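K.L.:
sequence? don't have it. structure:
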């Protein structure tokens, strides 16, 4: 089918639309990592002594660790000494107090990305925290959130203003010694978002963070901590982009979620880091540790992710189901094209009684993309009546790509029930033909079929993000059929 | 690895290396040179690899420390000394029967003439005899299928290969039913080790039905390797019934190579053994192969059974179907690890894999890792895995009809297992397995009457 081959080529060479660089005055550390760099970083952020100690503890532990090699991904070794561990727009005074003080260049950047901070504040009703390289540049809607007692601010601010909360919860889900990249992050994390929703409060709006890597040769190491106290509810969105560069850039983030009794956290990601050019050169290495803990009874944590960017994605958003009757969910769409590689999935650890988890993963591979689902469902001895359902579907477009599934299932309780299903398929010529017959162009048909394939996941995204995710897929599939 | 670990590891290998020299030295001088070289290669590889540990992905959930720490010797007593009555429990009518005692062929207990007589060109004999009489039939295949680059136990078996069964079915011939019985036991209270090595070659358009039965008493370590080639259009039915003693270690590898349009089918039944590992690897090396690999494991007490499958779809238009079912009671642990690897260009592959586990007790543990690795786009691959208990509603349904709690549970367990049992086409094997289930299940007599 000649037309389809054409489309696949076009699909694979699709341009990245967020590849511009913003020219702002940068305050950047020279490349290299040592205790001094960490001390300097900590000093720059005016952190208290305990924070520095925590970083150093992590750094010393990191020195003893080896980079993991088990993932089904291939990349040339990373030189951790050639990365700059801090880059931020030069502060004017003591940091932006309101949007008016933010560098107009940066605001323009976010406009280009389709995240008009001002408009969002006025119209959309979504509170945004924007992170530019290592620094959180603006947080909107703070005042309104504060009225109901919600704390939504940059991580650095939280370290200064809410040290008790940070000390209590930082590292409680992802300890500093967790894994190679998480430990590196613990040592050098720059900024990120912090959310605390007090007892019984339902967050009145979607909270959102946009991450942007701008500077050359930097790594972004953000750290997000979200705490939903008893009976609270919060929905949090995350979006990411980066400029086009020939060299690979490292992004090693850590996200920790803590849901106490009866609380619900919904965490959605649309990840569109620069994936590298059509020859697989450049792009972001996205090595992220995300984990949530349902600490009390009836807590619920739901992860939804749409992964379309990054040269390499290595990420396993997990849920520890500790409280009885707690619920964990994982919905994922991962698209790999060009030479992108994704090794992603989830871990569901059932500890409490009557805990439930659902995993729906949709992988789409095109071009030379390699897509791997890797997940673990662990049902411990005490998890009576635990229930898991997993479904992992893969779609292959073109004959150069690969789709892989590695689920690990470990059941230690006879009252538990778990099911895992996986399928692999391609877009059938008969499906395309059926659409063509009814006057639907092949391009629209492909987009329609892919969107149908991913529907179960998109349904879980908040409204604006669902639209955005569908658009993102459509852009990627645009011109994919002749 | 720390220095002590390295010292311990090499200490564990020392007796095997010493025994290898004794073994190699004691072989007849008439043995073909390729066998000597193959053994040497096996030993070299085994010394380099050492015993696996749980830090290796392939052995993550199966700890072979009891084997590493154990001390075993190759049995020295006469294999013909075993009384014929001792095999009666496992015997059934077959065209040929080969009996191996502690890994060595027993001519007295075997009957290989063929009933009815085998057609010309058909060879059913012990591997040792085949190496002496028809080395030309053995050399192209022996050690060529079961790789031992990363498989320490295959390397170990290769180092000590010498005896086992050799079957050669010529073009266009149907073999009839061939039964291989492997009896093992401890000798004077000391644990023995045996390394049976089997090679089955089914020629073009041929048909082969073969049953391997493993049984024994006392403590011992059995490390068999079976290689099978299904030639073009050949239909091969392979059954393995593992009924080792509860104190035994059974670490086996079954390696299949299918050629164009062949139909290799294998059923593996695991009932005995203390620590059991079955590696089943199939390479679909021609187009149009229809491969079936099924299994059933029934374990309780402290038994540990690990089934590792690997199906390589190397050519287009092949189908593979795997169904493994397990019933776990007591403190038993079952591991299933299945990989379907679809190579580049293996279009129109239809691969299906499922693993179902039934947990009957609170302390049983099931691990299931079904895996897909796919490098072709026009394929249909699915896998499924379930772990669960008996359906309480179904138990209630049966009880409301006057069937007791125990009998109801047994009936449902029977139904779960019968999915595999009914697929066994060799009647004596199926009947034996049914009898085993009646005896094992509580209130088995009620089940017998009901089914």
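P.N.:
Alright, I've got the coordinates. Here the structure is a predicted model, which means the values were calculated and not measured.
K.L.:
Any idea what residue B:306 is bridged to?
P.N.:
residue B:277, residue B:335 (DSSP bridges).
K.L.:
residues in contact with it?
P.N.:
The contact partners of residue B:306, by C-beta atoms under 8 Å, 6 or more residues apart in numbering or on different chains, come to B:61, B:62, B:276, B:277, B:278, B:334, B:335, B:336, B:337. Placement of C-beta: from N, CA and C, glycine included.
K.L.:
got a markdown table for the residues you listed, with pLDDT and neighbour count too?
P.N.:
Formatted as a markdown table, the contacts of residue B:306 follow (pLDDT from 0 to 100; neighbours: other C-beta atoms under 10 Å in any protein chain shown):
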| residue | pLDDT | neighbour count |
| --- | --- | --- |
| B:61 | 92 | 19 |
| B:62 | 94 | 20 |
| B:276 | 97 | 27 |
| B:277 | 97 | 25 |
| B:278 | 96 | 22 |
| B:334 | 95 | 29 |
| B:335 | 95 | 23 |
| B:336 | 95 | 29 |
| B:337 | 93 | 22 |
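K.L.:
Among the residues you listed, which one lies nearest to residue A:66?
P.N.:
The closest of those to residue A:66 turns out to be residue B:61 (C-beta to C-beta; 22.6 Å).
K.L.:
Show the pLDDT at residue A:176.
P.N.:
On pLDDT, residue A:176 comes in at 89.
K.L.:
Touching, it and residue A:185? I think so.
P.N.:
No: if you go by C-beta atoms under 8 Å, residue A:176 and residue A:185 don't touch, sitting 9.2 Å apart.
K.L.:
Listing request: residues of the stretch 1-150 of chain B with sub-threshold pLDDT.
P.N.:
Flagging of the stretch 1-150 of chain B using pLDDT under 70 yields the residue ranges B:1-3.
K.L.:
which residues touch the residue in the stretch 1-150 of chain B that chain A sits nearest to?
P.N.:
Closest contact between the stretch 1-150 of chain B and chain A, by C-beta to the nearest C-beta, is at residue B:57 (7.3 Å). Residues near residue B:57 by C-beta under 8 Å, 6+ apart: residue A:70.
K.L.:
In three-state terms, label the residue nearest the centre of chain A for me.
P.N.:
Centroid-nearest residue in chain A: residue A:269, 5.0 Å away (criterion: C-alpha atoms, centre = their mean). At residue A:269 the chain is in strand, as set by DSSP: H, G, I helix; E, B strand; the rest coil.
K.L.:
just the strands in the stretch 101-250 of chain A please.
P.N.:
Remark: strands of the stretch 101-250 of chain A, listed N- to C-terminal, are A:126-132, A:135-139, A:151-154, A:193-197, A:206-212, A:223-228, A:233-241, A:248-251; assignment by DSSP state E, counting those that start in this stretch.
K.L.:
What's the first helix or strand after the last one?
P.N.:
Tracing the chain C-terminally past strand A:248-251 and defining elements by DSSP states H and E, one meets strand A:254-259 next.
K.L.:
Neighbouring strands - and their directions - for the helix or strand hosting residue A:293?
P.N.:
Taking DSSP H and E as the definition, residue A:293 sits inside strand A:283-294. Sheet pairing here is set by DSSP bridges, and for strand A:283-294 it gives strand A:248-251 (parallel), strand A:254-259 (parallel), strand A:312-315 (parallel), strand A:318-321 (parallel).
K.L.:
For residue 35, give me its contacts.
P.N.:
Reading this off chain A. The contact partners of residue A:35, by C-beta under 8 Å, 6+ apart, come to A:56, A:59.
K.L.:
wrong one, I was asking about chain B
P.N.:
Residue B:35 neighbours (C-beta under 8 Å, 6+ apart): B:131, B:142, B:161.
K.L.:
In TSV, list these along with neighbour count and distance to residue A:398.
P.N.:
Supplementary listing: those in TSV, determined by neighbours: other C-beta atoms under 10 Å in any protein chain shown; distance: C-beta to C-beta, whole Å:
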residue	neighbour count	distance to residue A:398
B:131	25	50
B:142	24	41
B:161	24	45
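K.L.:
and chain A, which of these contact it?
P.N.:
Among these, proximity to chain A is found for none (C-beta under 8 Å from any C-beta of the partner chain).
K.L.:
Which residues of chain B lie near chain A?
P.N.:
B:57, B:344-345, B:347, B:357, B:359-362, B:364-389.
K.L.:
Now list the buried members of the residues you listed.
P.N.:
B:347, B:357, B:359-360, B:364-377, B:379, B:381-389 (16 or more other C-beta atoms under 10 Å in any protein chain shown).
K.L.:
Can you show me the strands along the stretch 251-400 of chain B?
P.N.:
Residue ranges of the strands in the stretch 251-400 of chain B, as given by DSSP E, counting those that start in this stretch, are B:263-270, B:275-284, B:290-299, B:304-313, B:319-328, B:333-342, B:350-359, B:365-374, B:380-388.
K.L.:
Mind giving me the packing neighbours of the shortest one?
P.N.:
So the one you mean is strand B:263-270. Counting contacts by 3 or more C-beta pairs under 8 Å, 6 or more residues apart in numbering or on different chains; DSSP states H and E, strand B:263-270 packs against strand B:225-230, strand B:235-243, strand B:249-258, strand B:275-284, strand B:290-299, strand B:304-313.
K.L.:
Let me see the backbone angles for the one residue in the stretch 151-300 of chain A that gets nearest to chain B.
P.N.:
Closest residue of the stretch 151-300 of chain A to chain B, C-beta to the nearest C-beta: residue A:179 (16.1 Å). For residue A:179, the backbone dihedrals (degrees, to the nearest 10) come out as phi -150, psi 170.
K.L.:
Check whether it really touches residue A:70, as I assumed.
P.N.:
No: using C-beta under 8 Å, residue A:179 makes no contact with residue A:70, being 11.0 Å away.
K.L.:
okay, the two: which has more neighbours?
P.N.:
It is residue A:179, of residue A:179 and residue A:70, that has more neighbours when counted by other C-beta atoms under 10 Å in any protein chain shown, with 17 against 9.
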